[in-house]
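[1] Got a predicted model here, sequence first, then my questions.
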Amino acid sequence: GESVGLHLPTLSVQEGDNSIINCAYSNSASDYFIWYKQESGKGPQFIIDIRSNMDKRQGQRVTVLLNKTVKHLSLQIAATQPGDSAVYFCAEQAYGNKLVFGAGTILRVKS
Amino acid sequence: EPEVTQTPSHQVTQMGQEVILRCVPISNHLYFYWYRQILGQKVEFLVSFYNNEISEKSEIFDDQFSVERPDGSNFTLKIRSTKLEDSAMYFCASSLAGGSSHTQYFGPGTRLTVL
């Protein structure tokens, strides 16, 4: 049959503003979570990760928040720049080695 | 900074033909993976490989697929008889160790087009 592409949510922000990208994960047994950035024609690029025994982790300009109660993950990007424009995926890992990716969010940064 | 590399960047093949997609994982990594992404869809896990054996595979990874580490640096994905629905981006990834908390680093992908 014909496959239907996902209609990815899009977040448009002004350059310099903060961005918040959200993700709902599916498996309550997942204990490791990662945010990846994917630019057009490239592979997923690691941004930041968090283990389930934490609820917040900060990197350079990025912060990941984890709420296990509602199975929610967010990525905050401070002072968003044009180079941040990409598709952002969350991924979860429960057991074994398989990463389960979310659908993705398109981030568009307006100059 | 070490990177995962993949060749070719784009492969066009006729339905029913065999294709081999190649990857060079990061040199000190021990776990290797293949994922695929059909256009406009999620990235999906295919297989993980450790110590010259498949450690985990998805339901997508049927008998048409195989993986191999033919030497100390390359990791390959073979599709024996390609179908139209195999058209996708195929990503190789590697990690230092397996299990959770070990980041998987992805290559740039090979775009496979089956005609």
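    Structure received.
[2] Mean confidence (pLDDT) on the helix or strand hosting residue A:89, please.
    Counting by DSSP states H and E, the secondary-structure element that holds residue A:89 is strand A:86-93. Mean pLDDT, computed over strand A:86-93, is 95.
[3] Please state the offset of that strand from the chain centre?
    Put simply, strand A:86-93 sits 4 Å off its chain's centre (Cα atoms, centre = their mean, to the nearest Å).
[4] List the pairing partners of whichever helix or strand comes after that strand within its sheet, with orientation.
    Next helix or strand after strand A:86-93 toward the C-terminus (DSSP H and E): strand A:100-101. According to DSSP bridges, strand A:100-101 forms sheet pairs with strand A:86-93 (antiparallel).
[5] Show me the contact partners of the partner strand.
    With Cβ atoms under 8 Å, 6 or more residues apart in numbering or on different chains as the test, strand A:86-93 has contacts from A:8, A:21, A:23, A:25-27, A:30-40, A:44, A:47, A:73, A:75, A:99-107, B:42-43, B:100. C-betas here are computed from N, CA, C, even on glycine.
[6] Make a ChimeraX selection of the buried ones in the residues you listed.
    Here is the ChimeraX selection string for the buried members of the contacts of strand A:86-93, based on 16 or more other Cβ atoms under 10 Å in any protein chain shown:
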select /A:21,23,25,30,31,32,33,34,35,36,37,38,44,47,73,75,99,100,101,102,103,104,105,107 /B:42,43,100
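[7] In helices, which of the contacts of strand A:86-93 appear?
    The members of these all map outside helices under DSSP state H.
[8] Strands - which of the contacts of strand A:86-93 land there?
    In this view, the contacts of strand A:86-93 that belong to strands under DSSP state E are A:21, A:23, A:32-38, A:47, A:73, A:75, A:100-101, A:105-107, B:43.
[9] And the contacts of stretch B:87-96?
    For stretch B:87-96, the external contacting residues (Cβ under 8 Å, 6+ apart) are A:43-44, A:97, B:4, B:6, B:21, B:23, B:25-26, B:28-39, B:43, B:75, B:77, B:102-107, B:109-114.
[10] can you tell me which residues contact residue 21?
    Here I'm looking at chain A. Contact analysis of residue A:21 by Cβ under 8 Å, 6+ apart lists A:11, A:35, A:74, A:75, A:76, A:77, A:88, A:105, A:107.
[11] my question was about chain B
    B:6, B:8, B:11, B:34, B:76, B:77, B:78, B:79, B:90, B:92, B:110, B:112.
[12] Including neighbour count, secondary structure and pLDDT, could those residues go into CSV?
    Output for the contacts of residue B:21, formatted as CSV (neighbours: other Cβ atoms under 10 Å in any protein chain shown; DSSP: H, G, I helix; E, B strand; the rest coil; pLDDT from 0 to 100):
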residue, neighbour count, secondary structure, pLDDT
B:6, 23, strand, 97
B:8, 13, coil, 97
B:11, 17, strand, 97
B:34, 26, strand, 98
B:76, 15, strand, 98
B:77, 25, strand, 98
B:78, 13, strand, 98
B:79, 20, strand, 98
B:90, 23, strand, 98
B:92, 29, strand, 98
B:110, 23, strand, 97
B:112, 21, strand, 98
